[in-house]
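Participant: Pasting the sequence and the predicted model now:
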Amino acid sequence: MRIALSLLLAAVGGTALPAHAQDCHDAQAAAEEAYVVRADNVLPDRPGYTRDTAGSVCRRWPARPELTLLATPVWRDGGDHDAREGDVDILMIDSDTLAPRAWKVLPGALDSDAIFFDGMQLDTARYQLAPGTLAFGLRVQRRNGSGPNPFSEEQLQLLAMQAGTLRALGPPMVLRRFQAEWDTRCAGESTEVSRTVAVGPKGKHGLADLVLRERRVTTRSWMDGEECRDQATPLEGERHVLRYDGRQYGVPEPLRPL
């Protein structure tokens with residue numbers, strides 16, 4: 001099942017973001033320093049939770065280079081790799097002093113069960129939702145550990161400053177999903193769904209619509225004598241328009257993470 005396996009690797013690995021935006025050379029050191037210099041009311045320590053600064057990701061914001069974005073996993077004590085509860089601390093810090101400018105906790109963003117956390121990145125594409133509202137995103141990858149039934153997905157959650165506060169603009173939306181069923185040798189079927197996000201026209205409540213365009217690829221693999229053969233069939237998927245209701249973007253159930 002060669003094509004299916006290559007799709008799985010692409011889905012798990014996620015999409016590389018532009019190299020010119022990657023100005024953070026040591027995310028762990030930046031996160032640890034930011035937590036040291038923060039005020040007492042900024043993301044205070046929580047009993048029963050442990051920050052994983054080794055898993056922090058960091059990115060200087062190209063659209064606002066005076067600011068750097070940090071995301072740090074915060075795990076609830078107990079549990080194991082396959083089943084644990086976790087939040088994400090988001091910090092917007094001064095690029096020179098590392099002092100926090102704004103912050104947000106994304107509760108339950110890393111909760112894992114049969115489908116577990118497999119990495120995250122900051123997305124600094126230009127999500128200009130209104131003249132004074134520029135959003136950024138957190139991409140989180142998840143996968144399972146099944147050989148015959150592999151599954152992976154990548155989700156995006158957008159955040160922006162509103163009225164001086166860093167806010168999540170809605171629940172996460174799935175931009176990539178891969179799932180397959182095969183005999184672990186060759187024969188089987190897989191489906192990969194990928195979605196792109198574009199900023200649409202201004203909506204009724206101030207922020208622009210988000211337009212998601214979808215593409216599906218189904219792959220069938222089979223043994224032909226001693227040779228494994230496969231056939232991929234690309235299909236154009238649905239078009240989704242997400243609208244801001246004055247509080248958040250509505251994300252329909254089919255676009256939400258499993």
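Facilitator: That came in fine, so what should we check first? Residues are numbered from 1 along each chain as shown.

Participant: May I ask you to confirm that residue 108 belongs to a helix?
Facilitator: No - assignment of residue 108 by DSSP: H, G, I helix; E, B strand; the rest coil gives coil, placing it outside any helix.

Participant: Give me the neighbour count for the nearest residue to it once chain neighbours are set aside.
Facilitator: Leaving out its chain neighbours, the residue that sits closest to residue 108 by C-beta to C-beta, 6 or more residues apart in numbering is residue 87, at 6.5 Å. (Glycine included, C-beta is placed from N, CA and C.) By other C-beta atoms under 10 Å, the residues close to residue 87 number 20.

Participant: From residue 32, how far off is residue 87?
Facilitator: Separation of residue 87 from residue 32 (C-beta to C-beta, to the nearest Å) stands at 18 Å.

Participant: try residue 114
Facilitator: Taken as C-beta to C-beta, the span from residue 114 to residue 32 is 32 Å.

Participant: Settle it for me: which of those two has more neighbours?
Facilitator: Taking neighbours as other C-beta under 10 Å, residue 114 and residue 32 compare with residue 32 leading, 16 against 12.

Participant: Would you mind confirming that residue 229 is in contact with residue 221?
Facilitator: Yes - if you go by C-beta atoms under 8 Å, residue 229 and residue 221 touch, sitting 6.9 Å apart.

Participant: and residue 31, that's in a helix?
Facilitator: Yes - assigned with three-state DSSP, residue 31 falls within a helix.

Participant: burial measure for residue 46, as a count.
Facilitator: Neighbours around residue 46, by other C-beta under 10 Å: 12.

Participant: so what's it closest to, chain neighbours aside?
Facilitator: Among residues not flanking residue 46 along the chain, residue 74 sits closest, at 7.6 Å (C-beta to C-beta, 6+ apart).

Participant: tell me what the strand or helix carrying that neighbour is packed against?
Facilitator: Residue 74 is part of strand 67-76, with elements assigned from DSSP states H and E. Secondary-structure packing of strand 67-76 (3 or more C-beta pairs under 8 Å, 6 or more residues apart in numbering; DSSP states H and E): helix 27-37, strand 49-51, strand 57-60, strand 86-94, strand 116-130.

Participant: The shortest one pairs with which strands?
Facilitator: Each strand that strand 49-51 pairs with, and the sense of that pairing, follows from DSSP bridges: strand 67-76 (antiparallel).

Participant: how about this protein, which residue sits the furthest from its center?
Facilitator: Distance from the centre of the chain peaks at residue 225, with 41.5 Å (C-alpha atoms, centre = their mean).

Participant: Can you tell me how far that residue is from residue 186?
Facilitator: For residue 225, the distance to residue 186 - C-beta to C-beta - is 11 Å.

Participant: same deal with residue 145?
Facilitator: Distance from residue 145 to residue 186, by C-beta to C-beta: 21 Å.

Participant: Residue 29 now?
Facilitator: Distance, residue 29 to residue 186, using C-beta to C-beta: 46 Å.

Participant: so who does the closest residue to residue 244 other than its chain neighbours touch?
Facilitator: Closest residue in space to residue 244, ignoring its immediate chain neighbours: residue 207 at 4.0 Å, by C-beta to C-beta, 6+ apart. For residue 207, the contact set (C-beta atoms under 8 Å, 6 or more residues apart in numbering) comprises 129, 130, 133, 169, 244, 249.
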